[in-house]
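Enquirer: give me the fold of what follows.
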Amino acid sequence: MKPLASFRERRTLFIQRTILIAILFCAAIPSLSAAAENPAAQTPVVYESRIQKVFEQKCLSCHNAKTRKAGLDLSSPESILKGSESGRIIQAGDADASLLFQMIDAGEMPPDEKNHLSTEELQSLRDWLNAGAHFRTAVKTVPAVTQHDIIPLLHLRCVVCHGGRRKEAGLDLRTKASILKGGKSGPAVIPGNASDSLLLKRIHAGEMPPPRRLVSASVKPMQDNERELLSQWIALKLPEVELSQNENEELVTEADRGFWSFQPPQQPTVPVVKGQDRVRNPIDAFVLQRLEQKGLSLSPAASKRTLIRRLYFDLTGLPPQPEEIEQFLNDTDPRAYDKLVDQLLASRRYGERWARHWLDAAGYADSEGAQNEDKLRPHMYRYRDYVIRSLNEDKPYSRFLTEQIAGDELVDYQSGKITPEVYDCLVATGFLRTAPDRTFADITNFVPDRLEVIADEMDILGSAVLGLTIKCARCHSHKFDPIPQRDYYRLTAIFKEAYDEHDWLKSQGPRTLSSIPKEERDKYQQREQELSAKVQDLKQEIAALTAQTQQLQMEKQAKSLEAADPQYKQKCDQLQQKIKALEARRQPQPRIRALWSRGTPSPSYILMRGNYLTPGRPVEPGVPAVLSGKENPLEVISRPVQQENKGGRRLAFARWLTQPDHPLTARVMVNRIWMHHFGRGIVKTPENFGRAGERPSHPELLDWLATEFVLQNWSLKALHRLMVTSETYRQTSAVSDEALRKDPDGSLLSRMPLKRMEGEVLRDTLLYLSGQLDETPFGPADPVDVRRDGLVTSKASDQGWRRSIYVLQRRTQIPTLLENFDYPQMGPNCVRRGESLVAPQALHLLNDQMIHRLATEFAVNLRNQAGNSPSDQVKLIYRLAFGREASEEEITIGIETMNALNQEWLKANPKTTAEEAAQKSLTNFCHAIFNLAEFQYID
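Expert: Alright, predicted model coming up:
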């Protein structure tokens, strides 16, 4: 047993312990001081102690269990962890990566500035998130990293070479199962062991993606944070969770669906009005009902001369000839007007006129835009021709729309037999290929570039077909309309079988073999080799026959033998035909700009704040909930066996769009047709039927027209006929003082509006009157000349100039005449053109060389028809240009004007003959007519 220490030893030990305690105490003083200065440092950073009260005061009025705006409930730990419609809102340990903190820190939430978090409150939130976002109560948490963080990342960085189209090294990285299976080198990852996982090794070594292929594959290497995410997922043993896709969650309420445009149209009863004698069809009854409430009525009917000119321009875009006017004026048949309407609707010119309106809404252009190069789309004209033909055939709008959204899913084009129907259905999908597209170049073909194309197409679809501004929901739930961000990405998922940012075809198609997937490239090269071998064999056979015949001919000359083989020529001809056929197979085939389903699409995720680098919650294809009720009505019908890679999503969507009781489809189209006939829509914002848009001036009329449109088998011609035969359309544009006082803007339709010619109508009319209009239809767009000063004019052919719809519509080189007269920029489309009154319009008509040339041609035609009499010339000018007879005063003024011009021309050049001076004077007079308001405005 160890003896007790001496007193001295015990004292030394005591002193040492005392000194040690003192040292430790002194070292703790700074910490104690800091704790005294910062009481929070003494308290664990938990939700209940520091964050809950902030949420209750600033956030719960909108984000509670009942209202759940944007699908977010901040009233409990469980609902906070569940997140919003976008997905996870907090990232434990990283405030800056948390969507909740980003929105609050940016001042976007709460929306009311008075409720913004104070600096102290914002710091508390940051501290809580950075400390791990702990709750005092036990809460079931989601793993920090799941497959929903990793699968989108692998699609973004790796799947282009290791996925659906290509499985280089036998590796498919699209799913957890395929990742574990691995490729030729074995499993890609080892669950729980990130450092030894082959996938991470290759990524850290900079071998994947291969640096030399980054541009050609249009991918970028993983960023540091992305590599860390992947490493965490592997370390956590590849956790998978099933997140609620919010499909049945009430992000849209019944109150939201109660808005007028989200309710199916119901055909109202046609009202009985006092002025029943002015009612030709129900349109007039609805219009008169509103007018009579204001003490007004329709204006008197316009003259027959006015009506024929109005009809011709409205339905065909060209003026009537004097003999056509006279025939109509002399027709005493009570149905003369109706017959004229039918005649014009049957004209080929009708389709050329009204196709322009649809092409505006569809965003049609003959170039890609988006880059300075503004690359041409040489095959886009086929879609333009499809639209013209469809309108002339009066294809039902329901079919017209279905073909444009899902034409490739309607027909079996893969069999190789291309019938007119198959061709039309494929070309029709050009509607979904009109948006500006810069992805034809490798360097501008990355995922964000592709997503811009998709976003523009969704914008076109929303404004042209649905009459909604859905593009807002790309980055956040719509601030005005009940369109959650979830619904935007459900909509894009419908198109993902064809528009998949991770399985993309360049806008101009593959230009080099290196840009084609290896499997397809190998097949292509094998086919080329086989064709080349066959051609060589045939050439050798011809050479042998030639040599044999030459030998026989030599023998004949030497020995007088009989004639050479008589079948030689026939054999050679047959072989030459075979060679031509084989060579033809090697030539580029005619191409169309179309969209088609390409197979299994990548999974769809809500992109938080629209950022492709921050995918949130997964979504399935679906339609806006505000238009469909609680259940998703998208019924995808499986495709026939022979239709490979056809999922049927777009066809199901098209059928949903064209169901008879759809709230918007018929209303939007009816309103657009009305706008072009009456100068403004029943809804003045044809692209926006939502809460931020204008309310209909005649809601019952709009619903009656929409339901009647459907009952008439979606016939556009029947709709035109209904509108232009109404008394409302046939009234004069003259306005009385009373109507001006009670209906100042004409929204009640107390008179027909005076409309100015659109740029295309003005140009086509000038060509028509001057005898320079080439009415050859269809085909590639006519080229344009671009001067160094920026003037753009269309090139003439031997027959003159074609109608404006056939002129090259390059986004950066719009013909100046059209641009000056409000031709729209397609960015990405135009549903409603502006109407300006600016100096360049008059200056162009006064000074442009083409206008001068057309005035000269007009004058030549006039003189050929009217002779040398100035009186007869003036009379014919008025008949042709204005569709009416010139008054005596106008004839006198015209004669005096031309006489004065004669004297000026003779005085300016003594060598000028009287005949030349007369012709030049007539040209000047015609040029002046082109500049008159009566010429440019349609009564």
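
Enquirer: going forward, measure contacts between C-alpha atoms and count neighbours the same way
Expert: Will do.

Enquirer: the strands in the stretch 1-150 of the chain, which residues?
Expert: Taking DSSP state E, counting those that start in this stretch as the criterion, the stretch 1-150 of the chain carries no strands.

Enquirer: quick one: low-confidence parts of it?
Expert: For the stretch 1-150 of the chain, applying pLDDT under 70 flags the ranges 1-44.

Enquirer: now stretch 368-376: buried residues?
Expert: 368-370, 374-376 (16 or more other CA atoms under 10 Å).

Enquirer: of these, the lowest pLDDT goes to which?
Expert: The member of the buried residues of stretch 368-376 with the lowest pLDDT is Ala370, at 87.

Enquirer: would you confirm that Glu934 contacts Phe882?
Expert: Yes. Here Glu934 reaches Phe882: they are 7.1 Å apart, a contact under CA atoms under 8 Å.

Enquirer: more neighbours, those two?
Expert: Phe882 (22 against 13; other CA atoms under 10 Å).

Enquirer: residue contacts, the closest residue in space to the more buried one that isn't next to it in sequence?
Expert: In space, and not counting its chain neighbours, Phe882 is closest to Phe935: 6.1 Å by CA to CA, 6 or more residues apart in numbering. Residues near Phe935 by CA atoms under 8 Å, 6 or more residues apart in numbering: 881-882, 929.

Enquirer: hang on, the earlier thing: closest to Leu451 out of the buried residues of stretch 368-376?
Expert: Within these, proximity to Leu451 (CA to CA) peaks at Ala370, which comes in at 13.1 Å.

Enquirer: would that closest one count as being in a helix?
Expert: No. Per DSSP: H, G, I helix; E, B strand; the rest coil, Ala370 lies outside any helix segment and is coil.

Enquirer: go ahead and confirm it touches Arg438.
Expert: Yes. Between Ala370 and Arg438 there is a contact under CA under 8 Å: 5.5 Å.

Enquirer: quick one on the thing from earlier: mind checking which helix or strand the residue nearest to Phe882 is in?
Expert: Under the criterion of DSSP states H and E, Phe935 resides in helix 933-936.

Enquirer: circling back: the buried residues of stretch 368-376: which two are farthest apart?
Expert: Applying CA to CA across the buried residues of stretch 368-376, the maximum distance is between Ala370 and Leu376, 11.7 Å.

Enquirer: what segments of this structure are strands?
Expert: 604-607, 615-619, 755-756, 773-774, 784-786, 792-794, 801-802, 937-938 (DSSP state E).

Enquirer: contacts made by the last one with the rest, please.
Expert: Put plainly, it is strand 937-938. So strand 937-938 is contacted by 309-310, 313, 754-757 (CA under 8 Å, 6+ apart).

Enquirer: return the member of those residues nearest to Leu466.
Expert: Lys755 (26.8 Å).

Enquirer: pretty sure that closest one sits against Asp939.
Expert: Yes. Using CA under 8 Å, Lys755 is in contact with Asp939, at 6.7 Å.

Enquirer: what's near enough to touch His148?
Expert: 240, 616-618.

Enquirer: list buried residues within those.
Expert: The buried subset of the contacts of His148 (16+ other CA under 10 Å) comprises 616-618.

Enquirer: quick revisit: which pair in the contacts of His148 spans the largest distance?
Expert: Taking CA to CA, no two of these sit farther apart than Glu240 and Gly616, at 14.6 Å.

Enquirer: my guess is Arg348 contacts Asn392. True?
Expert: Yes. Counting by CA under 8 Å, Asn392 is a contact partner of Arg348 at 6.3 Å.

Enquirer: quick one: low-confidence ranges for the chain?
Expert: Using pLDDT under 70, the chain drops low at 1-44, 243-249, 509-529, 531-532, 534-535, 538-539, 548-560, 562-569, 582-589, 637-646.

Enquirer: could you work out the end-to-end span of stretch 171-179 for me?
Expert: 8 Å (CA to CA, to the nearest Å).

Enquirer: isn't Asp497 right up against Thr600?
Expert: Careful, residue 497 is Glu; it's not Asp. Yes. The criterion here is CA under 8 Å, and Glu497 meets it with Thr600 at 6.4 Å.

Enquirer: these two: which is more packed in?
Expert: Shown here are Glu497 and Thr600; by other CA under 10 Å, Glu497 has more neighbours (23 against 15).

Enquirer: tell me how far that one lies from Asn611.
Expert: When Glu497 is compared with Asn611 (using CA to CA), they lie 21 Å apart.

Enquirer: quick check: neighbours shared by Glu497 and Thr600?
Expert: With CA under 8 Å, 6+ apart, Glu497 and Thr600 have common neighbours Gly647.

Enquirer: ok, and the closest non-adjacent residue to Val683?
Expert: Pro696 (4.4 Å).

Enquirer: tell me the phi and psi of that neighbour?
Expert: The phi/psi pair for Pro696 (degrees, to the nearest 10) reads phi -60, psi 140.
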